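A.B. asks: here is my input, please return the structure:
(one chain, ligands or ions: 2)
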Amino acid sequence: MAAALQTLGGGIGITLHWIAFTPTIEQQATEEQKKKWLKLAQDVAIVGAYAQTEMGHGTFVRGLETTATYDPSTQEFVINSPTLTSTKWWPGGLGKTANHATVMAQLYTRGKCYGPHNFMVQIRSLENHQPCPGVTLGDIGPKMESNGNDNGFARFDHVRIPRENMLMKFARVEADGTYVQPPSSKLAYSNMVYLRGTFVMSAAQALASATTIAVRYSCVRRQSEMKPGEPEPQILEYQTQQYKLFPQLAAAYAFWFASWFMTQQHGSITGSMEKGDMSGLAELHALSAGLKSYTTAVTARGIDVCRMACGGHGYSHASGLPALFGGAAALCTAEGENTVMMLQTARYLVKCFAQSQAGKRLTGTVAYLSAVQPSPVAGNRNMSDLGTLVAAFQHRAARMVRHAAMQMQGEMQKGKAREDAWNSCSVLLIKAAEAHVHSFVVRNFAETVQTVEVDESVRAVLTSLCQLYSLYGITEHAGDFLKDGYLTGRDIDAASSHLSAMLARVRPDAVALVDAFDLHDKILRSVLGRYDGRVYEHLYEWAKKSPLNKSEVHESYYKYLQPFLKSNRAKL
Ligand SMILES: CCCCCCCC/C=C\CCCCCCC/C=C/C(=O)SCCNC(=O)CCNC(=O)[C@H](O)C(C)(C)COP(=O)(O)OP(=O)(O)OC[C@H]1O[C@@H](n2cnc3c(N)ncnc32)[C@H](O)[C@@H]1OP(=O)(O)O
Ligand SMILES: Cc1cc2nc3c(=O)[nH]c(=O)nc-3n(C[C@H](O)[C@H](O)[C@H](O)COP(=O)(O)OP(=O)(O)OC[C@H]3O[C@@H](n4cnc5c(N)ncnc54)[C@H](O)[C@@H]3O)c2cc1C
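C.D. replies: Ligands and ions are numbered 1, 2, ... in the order given. As a prediction, the model looks like this:
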């Protein structure tokens, strides 16, 4: 992902060619269609965009307005943007770079609408890169970050494409206009599930980058007096600095391991789906949606914590942290806005809870929902034992899922329609889904550190990091654990003091833990996070290159300041 994010230069970007356009061909094209487009895409003989979102709709895919109407007389689809709000808006590379796009449009044949499907549309000439007839293209303008990418807009004025340009691996339209149903209408969304899964690794990499920068800088930066008369200490010696950075460092490892699981799950479930077994699709969707939402949100917040922990220099673009924050913030919205994605996970959890109540044994990432006892067993727990910590997170999640589901049932028993009951419980549902994903991340972290093939000394450090991540989660969400008495106030106090011990335990290995991400300076793009630690010399060199320093007296002096000063002096 990091390589793909390197744009070819300001103003153009082929990130989405690699992470969305090409995978869509791989996942949704027939073998015949792959022969026609896949190698062209892989060799960058064509450059593509994934054109789904419109000015008026991004989340609600079934509400997209672009149409693809089949004309049996010519065996073509007519792609059209019927309204202003149907203008494709946001797709990366669409503005100036791409000459092809997979366009998500409402499929009409024989007068009936069959919902959103993907279509391959050439949008620019391969000769002179001018827009094709009927296609209007442009860039949507400056954004919070990633301005090297030309996120663009596209309008289609009855653009005709061959029937064969409908990506027909799952659904098909025959020459006479007959629509052939796919095994699941959601298979048209498969690229989104894939991309959400990759966002978990992007989040891990982004948080790894930010913690690398902040931890290294916190060993270079010396500030204040811990004891009168003593030399200024490294700011990483302050417990508050450790409390800011080490939970983010632990989360980076936790998300890195979660992305391993996500990748393995995606491969195994899509492998089964290739053989016609769709049973894993719902779990894959719920897991990818929840993990994407959770990891990107924690990462964006965590990067800003790292930025603030670096003081003024953290606020400079020299640190690389503002750009990293802007990119991570995009991950919270792109590929399924986080709230909506977490609600999708909540929808799956409510369904699984009902099945469990009906006596079905649950499996996969929700198995714990039927295994966890509702009645809390309070008592002095060993808050340094990973098994105890995992059980606490699973109990919390099970309790919150049960509570949200029962609240919804209660609303419906009062006569509310299911949709109204859902909406009036959606804050509870979101919190329950977040607790579920959090418990998965903790369990997966614990299982990984206990089984990964590493030297025992490394396992000891990773175990401390996993304890730190879990204890931080318990102390930050103490109310959830205390609510039904599953944990007591004494347990929470024990968790806090053990967390302090873990901060001190991780301190000696902090630099080694960030060096282990092996992020080259060229990827980090941060003066503060340089591997050689020579921050101050390079900060000065970086500043001297600022465009404002090209002249000793900037032209704005003569245009604005000089006359302003003169007129003010004349009044004295
Ligand atoms: C070291 C280097 C550092 C690296 C740093 C990196 C930092 C980042 C830097 C830069 C980043 C810049 C940005 C990166 C690139 C961005 C790329 C973005 C691309 C895009 O955004 S593409 C467009 C994405 N759009 C979406 O995701 C739309 C979201 N909406 C939907 O998916 C759907 O509309 C929906 C799921 C919300 C609702 O769908 P629908 O109405 O059809 O379904 P429901 O009625 O809710 O549910 C019915 C039923 O269907 C099931 N369902 C839904 N979706 C799926 C699915 N995908 N798969 C399987 N099943 C699905 C749902 O569960 C229901 O099932 P049940 O009825 O309950 O059984
Ligand atoms: C950097 C970047 C790159 C992008 N790249 C692409 C791309 O390459 N291709 C592409 O097709 N798109 C792309 N997008 C668009 C992206 O997919 C959409 O922005 C995203 O899906 C959110 O949709 P929206 O913008 O319409 O927001 P909306 O859906 O309008 O969301 C606005 C608010 O409404 C809330 N909301 C919406 N629905 C619900 C609901 N059911 N329940 C509760 N709250 C709800 C949301 O939570 C959110 O807070 C990109 C976006 C960004 C920022």
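A.B. asks: and the closest residue to ligand 1 within the chain, what are its phi and psi?
C.D. replies: Relative to ligand 1, the nearest point of the chain is G327 (2.6 Å; CB to the nearest ligand atom). The way it works is simple: take the backbone N, C-alpha and C, and place the C-beta from them, glycine included. The phi/psi pair for G327 (degrees, to the nearest 10) reads phi -70, psi -40.
A.B. asks: check the gap between the closest residue to it other than its chain neighbours and V44 for me.
C.D. replies: Nearest residue to G327 in three dimensions, chain neighbours excluded: E145, at 5.6 Å (CB to CB, 6 or more residues apart in numbering). Between E145 and V44 the computed distance is 25 Å (CB to CB, to the nearest Å).
A.B. asks: what do you get for P233?
C.D. replies: Using CB to CB, P233 is found at 51 Å from V44.
A.B. asks: am I right that the residue of the chain closest to ligand 1 is in contact with A206?
C.D. replies: Yes: under the criterion of CB atoms under 8 Å, G327 makes contact with A206 at 6.5 Å.
A.B. asks: give me the more crowded residue out of the two.
C.D. replies: The neighbour comparison of G327 against A206 (other CB atoms under 10 Å) goes to A206, with 26 against 19.
A.B. asks: secondary structure element holding that one?
C.D. replies: If you go by DSSP states H and E, A206 is part of helix 190-220.
A.B. asks: which helices and strands does the host helix or strand of A446 pack with?
C.D. replies: Element membership of A446 [criterion: DSSP H and E] is helix 426-451. Judged by 3 or more CB pairs under 8 Å, 6 or more residues apart in numbering; DSSP states H and E, helix 426-451 is in contact with helix 239-274, helix 281-309, helix 338-357, helix 386-413, helix 456-476.
A.B. asks: so which of those helices comes closest to ligand 2?
C.D. replies: Nearest to ligand 2 among the helices and strands packed on helix 426-451 is helix 338-357 (3.5 Å), distances taken as CB to the nearest ligand atom.
A.B. asks: check which element follows that closest one along the chain.
C.D. replies: Once helix 338-357 ends, the next helix or strand along the chain (criterion: DSSP H and E) is helix 368-371.
A.B. asks: and the pLDDT at A2?
C.D. replies: Listed pLDDT for A2 reads 39.
A.B. asks: begin at 9 from now on, thanks
C.D. replies: That works, and once the first residue is 9, the last one we named lands at A10.
A.B. asks: rewinding a little: same for the helix holding A214, what does it pack against?
C.D. replies: Helix 198-228 sits against helix 30-36, helix 247-282, helix 289-317, helix 319-323, helix 329-341, helix 518-523, helix 529-532, with contacts defined as 3+ CB pairs under 8 Å, 6+ apart.
A.B. asks: do it and ligand 2 meet?
C.D. replies: No: using CB under 6 Å from any ligand atom, we find that helix 198-228 stays clear of ligand 2, coming within 8.7 Å at best.
A.B. asks: and that helix, how far from the chain's centre?
C.D. replies: Centroid displacement of helix 198-228 relative to its chain, using CA atoms, centre = their mean, to the nearest Å, is 9 Å.
A.B. asks: same question for stretch 354-368.
C.D. replies: Here stretch 354-368 shows a centroid-to-chain-centroid distance of 26 Å under the convention CA atoms, centre = their mean.
A.B. asks: and it, which residues are buried?
C.D. replies: Buried residues in stretch 354-368, counted by 16 or more other CB atoms under 10 Å: 354-358, 360-361, 364.
A.B. asks: go on, stretch 47-61?
C.D. replies: Buried residues in stretch 47-61, counted by 16+ other CB under 10 Å: 49, 54-61.
A.B. asks: now, those residues that are in strands?
C.D. replies: If you go by DSSP state E, these have 56-59 in strands.
A.B. asks: start to end distance for stretch 365-375?
C.D. replies: For stretch 365-375, the first-to-last residue distance is 13 Å (CA to CA, to the nearest Å).
A.B. asks: contacting residues around the closest residue to ligand 2 within the chain?
C.D. replies: Going by CB to the nearest ligand atom, ligand 2 is nearest to G66 of the chain, at 2.2 Å. Counting by CB atoms under 8 Å, 6 or more residues apart in numbering, G66 touches 98, 345.
A.B. asks: so how far is V313 from it?
C.D. replies: G66 sits 28 Å away from V313, going by CB to CB.
A.B. asks: can you check T220 too?
C.D. replies: 14 Å.
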